[in-house]
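>>> let me see the structure of the following:
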Amino acid sequence: MADEIILLDFWPSMFGMRVRLALAEKGLKYEYREEDLWNKSPLLLEMNPVHKKIPVLIHNGKPICESLIIVQYIDEVWCDKSPLLPSDPYQRAQARFWADYIDKKSALSFWKESLEKPYFGGEKIGFVDVALVTFSCWFYAYETFGNFSIEAECPKLIAWTKRCMERRACRLLWKIHTRSMALSWG
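Below you'll find the model as predicted:
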């Protein structure tokens, strides 16, 4: 039996983008359902009755909520394709710590530190990269409203972002996001 995968999301959500990126990295097909956050669907309210927010991944009728938890779930269920979390338990714990840090603290302050390898997970994109790269879609807004240059403040972050954008899944996600923003804001 084929897996039924449905994603309840809202296109500009950085958190939903994480899930879409993880699904793309794994090469998984899914049904995307756009949510109106001001008029939430009965399905969203049923699948996430506690927080009533997106993203929600529905896998064979079972809901998984919260973006980082969803990305971990995707990585565990489809572990044979492009692993996002390291196999070593200590490194896995470190990746989870930094992803949580990104959510709770400033993502920009995180990348003022040196990055020794191409990606946070080493030589290939990983869990922390997925957690952080979606913030790059909003860099222009951060710079405009914050009146600063991210490249001047965090050159390693911009270099890392450019490496991520070389990946097909990231490029496609970025194109969809920027095209949708252009259509929405004219």
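>>> hey, let's count contacts and neighbours off CA atoms from now on
Fine.
>>> remind me what the helix or strand where residue 73 lies packs against, helices and strands.
Assignment of secondary structure by DSSP states H and E places residue 73 within helix 67-77. The helices and strands touching helix 67-77, judged by 3 or more C-alpha pairs under 8 Å, 6 or more residues apart in numbering; DSSP states H and E, are helix 14-26, strand 56-59, helix 127-133.
>>> out of those, nearest to residue 75?
helix 14-26 (7.8 Å; C-alpha to C-alpha).
>>> which secondary structure elements does the closest one contact?
helix 67-77, helix 127-133, helix 168-185.
>>> picking that back up, of the helices and strands packed on helix 67-77, which is nearest residue 166?
Once these are compared by C-alpha to C-alpha, helix 127-133 is nearest, at 12.1 Å.
>>> ok, back up a step: and the helices and strands packed on helix 67-77, which one averages the lowest pLDDT?
With a mean of 89, helix 127-133 has the lowest mean pLDDT of those.
>>> residues of the helix or strand just after the helix holding residue 73 that come out buried?
Counting by DSSP H and E, the next helix or strand C-terminal to helix 67-77 is helix 89-104. Within helix 89-104, the residues that count as buried by 16 or more other C-alpha atoms under 10 Å are 94, 95, 96, 98, 99, 102.
>>> so residue 171 is in contact with residue 165, correct?
Yes - under the criterion of C-alpha atoms under 8 Å, residue 171 makes contact with residue 165 at 5.2 Å.
>>> thinking again about what came up before, of the buried residues of helix 89-104, closest to residue 161?
Checking these against residue 161 with C-alpha to C-alpha, the nearest one is residue 102 at 15.1 Å.
>>> what pLDDT is listed against the closest one?
83.
>>> ok, now residue 140?
Confidence score, pLDDT, at residue 140: 73.
>>> that one: neighbour count?
Residue 140 sits with 12 neighbouring residues when counted by other C-alpha atoms under 10 Å.
>>> how close does it get to residue 150?
9 Å (C-alpha to C-alpha, to the nearest Å).
>>> so where's this structure shaky on pLDDT?
The chain contains residues with pLDDT under 70 at 1, 106-114, 174-186.
>>> now with 90?
1-3, 11-14, 81, 98, 100-125, 128-129, 131-186 (pLDDT under 90).
>>> contact partners for the spatially closest residue to residue 41 that is not a sequence neighbour?
Computed as C-alpha to C-alpha, 6 or more residues apart in numbering, the closest residue to residue 41 that is not its neighbour in sequence is residue 35, at 6.9 Å. Contacts for residue 35 (C-alpha atoms under 8 Å, 6 or more residues apart in numbering) come out as 8, 9, 10, 41, 44, 54.
>>> now intersect the residues you listed with the helices, please.
Of the contacts of residue 35, the ones assigned to helices by DSSP state H are residue 44.
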